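Visitor: The sequence and its predicted three-dimensional model are supplied below.
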Amino acid sequence: MSAAQNPPTENHLKSTENWYTSWFDTPYYHILYKDRNYREAQVFMDNLTHYLNLPENATVLDLACGKGRHSIYLNQLGFTVLGADLSENSIAEANKNTNKTLNFKVHDMREPFEEKFDAIFNLFTSFGYFENDEDNLTTLKAIKESLSEYGFAVIDFMNVTQVIETLIPEETKTVEGIDFYIKRYLKDGHIYKEIDFEDKGQKFHFTEKVKALTLKDFEELMEEAGIYLLDIFGDYKLKKFHKTESERLIMIFK
């Protein structure tokens, strides 16, 4: 999520201020998560855009878009889409798919956009990464400021209560011949995932860290940001949210 760089080795891991600046910019992030269920994601976006009743040619912001896979799909549904992400490497990759109604830019989600959008999507737990908790509020305010008068925003977050209940402390995933050793734990109000692996004779270590925000936390942040929470869903089929059973926490607001 910063300037292109070589993946950090064990020797200079602590040189980056924020974990996401280095991890998201490495090819290993995309290798580890390459088997994510994109068909499920497309069904979610179908359901979401239908529920929001977005007009044809609506302008949509895909905030924290990564390499743009979901932006591309939203564009195929007929919307004018801007994908934004902090990772220069990801945006460089996404830019290979631009057209008249699909564009990408490097952008920090804490900053509002000059243009206004009919819908802003922050999908697949792309929130709560910041070291400073104040940045979560700043991001919500920036989203609100970037909406058009009749626009809606969506944050799709993990259901923290369910995630903590079902947390797998340790596992090994082998992808493209690389063994990723993964540890997960809760500490200081954050869910951590430590990832260790070797490739081409080099050892790597990365840590993912996401604020364990509950619905109550989001409600308090949104109230402070002057945001109206309109609806809450618990999965990608837009079923009702259940605190202990739902896999997702999907919030529609303006």
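Guide: Received the coordinates, thanks. Numbers count the residues shown, from 1 in each chain.

Visitor: Count residues in the vicinity of residue 229, would you?
Guide: Neighbours of residue 229 under the rule other Cβ atoms under 10 Å: 15. Yep, even glycine has a C-beta here, placed from its N, CA and C like the rest.

Visitor: Now for the residue lying closest to residue 145 once chain neighbours are set aside, how many residues are close by?
Guide: Leaving out its chain neighbours, the residue that sits closest to residue 145 by Cβ to Cβ, 6 or more residues apart in numbering is residue 112, at 3.9 Å. For residue 112, the count of nearby residues is 16 (other Cβ under 10 Å).

Visitor: How is residue 112 classified with respect to secondary structure?
Guide: Secondary structure for residue 112, judged by DSSP: H, G, I helix; E, B strand; the rest coil, is coil.

Visitor: Okay, it and residue 91: tell me how far apart.
Guide: Residue 112 is 19 Å from residue 91, where distance means Cβ to Cβ, to the nearest Å.

Visitor: swap in residue 159?
Guide: Separation of residue 159 from residue 91 (Cβ to Cβ): 29 Å.

Visitor: What number of residues are in the vicinity of the closest residue to residue 78 other than its chain neighbours?
Guide: Leaving aside its sequence neighbours, residue 78 sits nearest to residue 56 (Cβ to Cβ, 6+ apart; 5.8 Å). Neighbour count of residue 56, defined by other Cβ under 10 Å: 8.

Visitor: Kindly report the same for residue 27.
Guide: Counted with other Cβ under 10 Å, residues neighbouring residue 27 total 11.

Visitor: What backbone torsions are found at it?
Guide: Dihedral pair for residue 27: phi -70, psi -20, per degrees, to the nearest 10.

Visitor: next one: residue 184
Guide: Per-residue torsions, residue 184: phi -130, psi 140 (degrees, to the nearest 10).

Visitor: domains of the chain?
Guide: 19-159+213-253, 163-208 (the TED database).

Visitor: Quickly find the element holding residue 137.
Guide: Assigned by DSSP states H and E, residue 137 belongs to helix 134-145.
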